[in-house]
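>>> Kindly generate the corresponding structure for this input.
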Amino acid sequence: MGSRTWPALDVVIGAAFDRLELFQAALADYDVTAIDEAADRWRIFFHTAAERDRTAEALRDDFAELAFERIDVPDEDWAARSQAALRAVRIGKIVVAPPWDVPRRRHTDDVMIVIRPSMGFGTGHHATTRLCLDALQHLDLHGRSVMDVGTGSGVLAIAASFLGATPVVGIDDDEDAIAAARDNRELNPHASVSLEVGDLRTYVVSGFSRTGSDVVLANLTGGLLVSAAAELQHLTKPGGRLILSGFLTVQESAVLRAFAPLTVEHRGEEEEWLCVTLR
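Numbers count the residues shown, from 1 in each chain. Predicted coordinates for the structure are as follows:
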């Protein structure tokens, strides 16, 4: 994985630009992997060059005052910067740490998860990952089945396993994501998580929805959540829980409308990002 490059857009944002919230909301409609924000420049990463190019063309029309440059960034650059910058983070009783910053002192009931940073796969440092980790701790997961759709680094699936869930399945249509998740599973040998390359629609068609999961996690984007609402509900057992994140407050009404008549049991908000648990 270390040899791959990541398609990215460098966006110069001048001090006079006053539509930053609209720009951030617009990005949620595209397959953005990660965003490295600086005061006068954002570097936006994508899984594919095609998605980067599609995003650049669309945003150039809507935000003509911004300058876009298409680049490719070696994964090693991200790993090097991550090792310099990323430290362990705590969300409730869950501590997510990179291998070089695993706390030696911890509380007796701490849940320690070790995640090796890789571009685009959650480390616990993005608001939506933290919100999902918090939402998991509001549920009694002991003996409950969990499916993590778009598992990325596997951090949410690993957390669910450590919180007592069984069985736990993480799926992602990106082979690199599953490779990263398997690497992280090895760093957390007590986690019992099945990881598979696959699309949620495949699971619906295969009949998995006849059994379903007690809890389904989907930390995606607002657009993906809306388009996949029916499939996500099919994957959830009657009376089960859907934990949704990856969307902004401005997208809340559209997302909840897509999942009607499910009711919101828990709602978390951080930095304009949302996470809701639906019953």
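>>> Centre-most residue in the chain?
Asn219 (4.4 Å; CA atoms, centre = their mean).
>>> measure that residue to Ala180 for me?
15 Å (CB to CB, to the nearest Å). Backbone N, C-alpha and C define where each C-beta goes, glycine included.
>>> try Val12
Relative to Ala180, and taking CB to CB, Val12 is found at 30 Å.
>>> Next: Ala97.
Taken as CB to CB, the span from Ala97 to Ala180 is 16 Å.
>>> Equivalent analysis for Pro74, please.
16 Å.
>>> Count the neighbours of the residue nearest to Ala229 when sequence neighbours are not counted for me.
Ranked by CB to CB, 6 or more residues apart in numbering and with sequence neighbours excluded, the top spatial neighbour of Ala229 is Ala258, at 4.0 Å. Residues lying near Ala258 (other CB atoms under 10 Å) number 18.
>>> pLDDT at Ala258, what is it?
Looking at Ala258, its pLDDT stands at 97.
>>> Contact partners for it?
Residues in contact with Ala258, defined by CB atoms under 8 Å, 6 or more residues apart in numbering, are Leu225, Val226, Ala229.
>>> and if you look at Gln24?
If you count contacts by CB under 8 Å, 6+ apart, then Gln24 has Leu248, Glu272 around it.
>>> Same question for the one 5 residues further on.
For Asp29, the contact set (CB under 8 Å, 6+ apart) comprises Thr221, Gly222, Gly223.
>>> same check, this time on Ala254
Gly222, Val226.
>>> That one falls within a strand, correct?
No. Assessed with DSSP: H, G, I helix; E, B strand; the rest coil, Ala254 is helix; it does not lie in a strand.
>>> now it: how far from Asp29?
Per CB to CB, Ala254 is found 11 Å from Asp29.
>>> got it, and Asn184?
29 Å.
>>> Leu163 too?
32 Å.
>>> for the residue nearest to Ala229, phi and psi?
The phi/psi pair for Ala258 (degrees, to the nearest 10) reads phi -70, psi -30.
>>> what residue ranges in this protein are flagged as low confidence?
1-3, 38-39, 76-85, 118-125, 205, 207-210 (pLDDT under 70).
>>> Kindly point out the strands partnered with the host helix or strand of Leu274 and how each is oriented relative to it.
Secondary structure from DSSP states H and E places Leu274 in strand 273-278. Looking at strand 273-278 with DSSP bridges, its partner strands are strand 236-248 (antiparallel), strand 264-270 (antiparallel).
>>> Most tightly packed of those?
For these, the largest average neighbour count (mean count of other CB atoms under 10 Å) is found in strand 236-248, namely a mean of 21.
>>> was I right about Gly154 contacting Glu186?
No. With contacts counted by CB atoms under 8 Å, Gly154 stays clear of Glu186, the gap being 10.4 Å.
>>> need the contact list for His47.
Contacts of His47 (CB under 8 Å, 6+ apart): Pro7, Asp31, Thr33, Gly120, Asp174.
>>> What residues does Glu272 make contact with?
Taking CB under 8 Å, 6+ apart as the contact definition, Glu272 lies against Glu21, Gln24, Leu248, Thr249, Val250.
>>> what's the most distant pair in those?
Gln24 and Thr249 (10.8 Å; CB to CB).
>>> Please say which of Val12 and Ala180 ends up with more neighbours.
Counted by other CB under 10 Å, Val12 and Ala180 do not tie: Ala180 has more neighbours, with 26 against 13.
>>> Give the buried residues for the helix or strand containing that one.
Using DSSP H and E, Ala180 maps to helix 175-187. Neighbour-count burial for helix 175-187 flags Asp176, Ala177, Ile178, Ala179, Ala180, Ala181, Asp183, Asn184, Arg185, Leu187 (criterion: 16 or more other CB atoms under 10 Å).
>>> Now do that helix: everything it contacts.
1, 4, 99, 114-116, 118, 120-121, 150-155, 157-158, 170, 172, 191, 193, 195-197.
>>> All set now, cheers.
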